[in-house]
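K.L.:
have a look at this prediction, sequence included:
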Amino acid sequence: MARIRISQVIDRTPSEVWNEMRHIERHVNWMHDAVEIRFTSDSREGIGTSFICLTKVGPFKTQDVMTITEWRENEVMGVTHAGIVKGSGEFTITPHNPGSLVKWEENWNFRRGPWVHLEHFSQNQYLG
């Protein structure tokens with residue numbers, strides 16, 4: 001399992017941060033690993049909203065299947081992952097004078113099957 005915890009103080013109020021974060025389709029503008037988001041539900045926000053996020057980290061790409069599991073305006077957006085990467089995570093926003101403290105915490109489990117080919121990949125010129 002991999003655990004990610006990142007936090008940053010942003011010079012905006014929690015409602016200003018939320019007003020950008022609530023637009024899931026815009027996450028590609030500020031999440032550098034997110035390349036494209038395609039909704040698979042009729043909803044575009046709130047609990048139950050589902051989408052596929054094309055994610056790229058270095059030479060690796062995956063289609064991250066995600067569903068919003070928690071939605072508290074100006075406070076929390078929770079998500080589950082159900083593709084090659086399985087797990088859950090959340091963004092939290094708390095007041096932090098004079099702006100906001102934004103935290104991103106994720107727990108990921110990786111399926112073993114698709115990674116079988118990494119041994120071959122690591123022997124080519126891309127990874128030396």
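P.N.:
Cool, got the structure.

K.L.:
what segments of this protein are strands?
P.N.:
2-10, 34-39, 50-57, 60-72, 76-82, 85-96, 99-110 (DSSP state E).

K.L.:
would you format the ones you listed as JSON lines with distance to H27, mean pLDDT and mean neighbour count included?
P.N.:
Just so you know, the C-beta spots here come from the backbone N, C-alpha and C atoms, and that holds for glycine as well. JSON lines is the format used below for these (distance: least, Cβ to Cβ, whole Å; pLDDT from 0 to 100; neighbours: other Cβ atoms under 10 Å):
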{"stretch": "strand 2-10", "distance to H27": "14", "mean pLDDT": "90", "mean neighbour count": "11"}
{"stretch": "strand 34-39", "distance to H27": "5", "mean pLDDT": "94", "mean neighbour count": "14"}
{"stretch": "strand 50-57", "distance to H27": "8", "mean pLDDT": "91", "mean neighbour count": "17"}
{"stretch": "strand 60-72", "distance to H27": "10", "mean pLDDT": "93", "mean neighbour count": "16"}
{"stretch": "strand 76-82", "distance to H27": "10", "mean pLDDT": "95", "mean neighbour count": "18"}
{"stretch": "strand 85-96", "distance to H27": "10", "mean pLDDT": "93", "mean neighbour count": "17"}
{"stretch": "strand 99-110", "distance to H27": "11", "mean pLDDT": "89", "mean neighbour count": "16"}
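
K.L.:
tell me the contacts of the closest residue to P95 other than its chain neighbours?
P.N.:
Leaving aside its sequence neighbours, P95 sits nearest to P14 (Cβ to Cβ, 6 or more residues apart in numbering; 5.8 Å). Shown in contact with P14 (Cβ atoms under 8 Å, 6 or more residues apart in numbering): 74-75, 93-95, 100.
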